[in-house]
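Enquirer: quick one: sequence plus predicted model below, questions after.
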Amino acid sequence: MLRRAAVAGTWYSDSPKDLSRDVDRYLAAVTGDAPAGRPRAIISPHAGLMYSGPVAACAYKQVANVAYSAVVLVGPSHFVPFRGVSVWPAGRWETPFGDVTVDTDLADAIRTECREVIELPSAHAREHSLEMQLPFVAHLLPRVPIVPLVMGHQTRETAFALGDALARVLRRNANASNASNDSNDSNDSNASNVLLIATSDLSHYENATVAGGMDAVMLEHVEAFDAEGLMAALEAEPRHACGGGPMVSVLRAARQSGASRAHVVRYADSGDISGDKSAVVGYMAAVIW
């Protein structure tokens, strides 16, 4: 089961050399100290790399030197409407850096744990939200397998069910890992070594002033580590974010898995690159640990 890249060569370079140069340039431009501790999760945007890459790099820089056993990606479905969450259960995903393997056992555990998780390959075929994470994931976390999850209708029921299921799977993962070690000196020994990634852009095609006001609501709830408040805000105004449901799921799963802090490390909009502030898309990067 090979998932072919859908937007390589358009949304980002399909040349390994050029893509590596682009990703490294965005990472090198990140300033500020990294939060202390192992990140449990990050939130990253998914527009074309020239627009969202500088923001996404601010989240990915925090996980660049961390060892993870797997990465769970949760993003929205832009093209196929459906109920639930579609998992790509096995095989590989194509990237310019080489194929990334799917963690079949972890994917199966998540699917077994959550009745909202189904197999719907068509939801992944054209979808860019998860694919736009792979230039960073494949470059910074080589040979780390992934579990791709695309959310359809972003209801409270689906977002909460997925978050709760992810937390249960991660806790079992952590317990199994700890039990297999004779000794564990880490202060973070109860944490899973699976990284959660939620991907979402924020408001779409408002002028920068309006967008900034709308996006501030999302930033406030993420900074407060408030999945419930974020869900309520999205129900009141779905235009706040295209991937609000995935953000809620990941915040909820991270909280139940032992994370205690969230921090927005960068906010920007597409006008910062294009120069056109009349109709922008908002981008946020956040780290949860």
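Expert: Structure received. The shown structure was predicted, so the numbers you read here are calculated from the model rather than taken from an experiment. Residues are numbered from 1 along each chain as shown.
Enquirer: what segments of this protein are strands?
Expert: Under the criterion DSSP state E, the chain carries strands at the ranges 2-3, 41-44, 70-76, 85-87, 92-93, 100-101, 117-118, 146-151, 194-199, 204-206, 262-269, 280-288.
Enquirer: return the most buried member of those.
Expert: strand 41-44 (a mean of 29; mean count of other C-beta atoms under 10 Å). C-beta coordinates here come from the backbone N, C-alpha and C atoms, glycine included.
Enquirer: off-centre distance for that one?
Expert: 5 Å (C-alpha atoms, centre = their mean, to the nearest Å).
Enquirer: what does that strand contact?
Expert: 52, 55-56, 59-60, 62-63, 133, 136, 195-200, 222, 247, 250-251, 253-254, 259, 284-289 (C-beta atoms under 8 Å, 6 or more residues apart in numbering).
Enquirer: average pLDDT for that strand?
Expert: Averaged across strand 41-44, the pLDDT comes to 98.
Enquirer: kindly export that strand (C-alpha atoms) in PDB.
Expert: Provided in PDB are the C-alpha atoms of strand 41-44 (Å, rounded to 0.1, in the frame of the first residue of the first chain):
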ATOM      1  CA  ALA A  41       2.700  16.900  20.700                       C
ATOM      2  CA  ILE A  42       2.900  19.700  18.300                       C
ATOM      3  CA  ILE A  43       0.500  21.700  16.200                       C
ATOM      4  CA  SER A  44       1.600  22.800  12.700                       C
END
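Enquirer: can you list the strands that that strand pairs with?
Expert: Partners of strand 41-44 in the sheet, by DSSP bridges, are strand 194-199 (parallel), strand 280-288 (antiparallel).
Enquirer: let me see the mean pLDDT of the last one.
Expert: Meaning strand 280-288. Mean predicted confidence for strand 280-288 is 98.
Enquirer: repeat that for the shortest one.
Expert: If you average the pLDDT over strand 194-199, you get 98.
Enquirer: list of residues touching that strand?
Expert: 39-46, 63, 66, 68-76, 106, 129-130, 132-133, 137, 141, 166, 170, 173, 243, 246-247, 249-251, 253-254, 288.
Enquirer: tell me what angle that strand forms with strand 70-76.
Expert: 20 degrees (axes from the mean of the first three to the mean of the last three C-alpha atoms, to 10 degrees).
Enquirer: the chain should start at 50 in everything you say after this.
Expert: Renumbered: residue one is now 50, and that last one reads strand 243-248.
Enquirer: who does Tyr61 bridge with?
Expert: So, taking DSSP bridges as the rule, Tyr61 has Ala57 as bridge partners.
Enquirer: so what's it up against?
Expert: So Tyr61 contacts 68, 71, 97-98, 102, 181, 184 (C-beta under 8 Å, 6+ apart).
Enquirer: if we go to 7 Å?
Expert: 68, 98, 184 (C-beta atoms under 7 Å, 6 or more residues apart in numbering).
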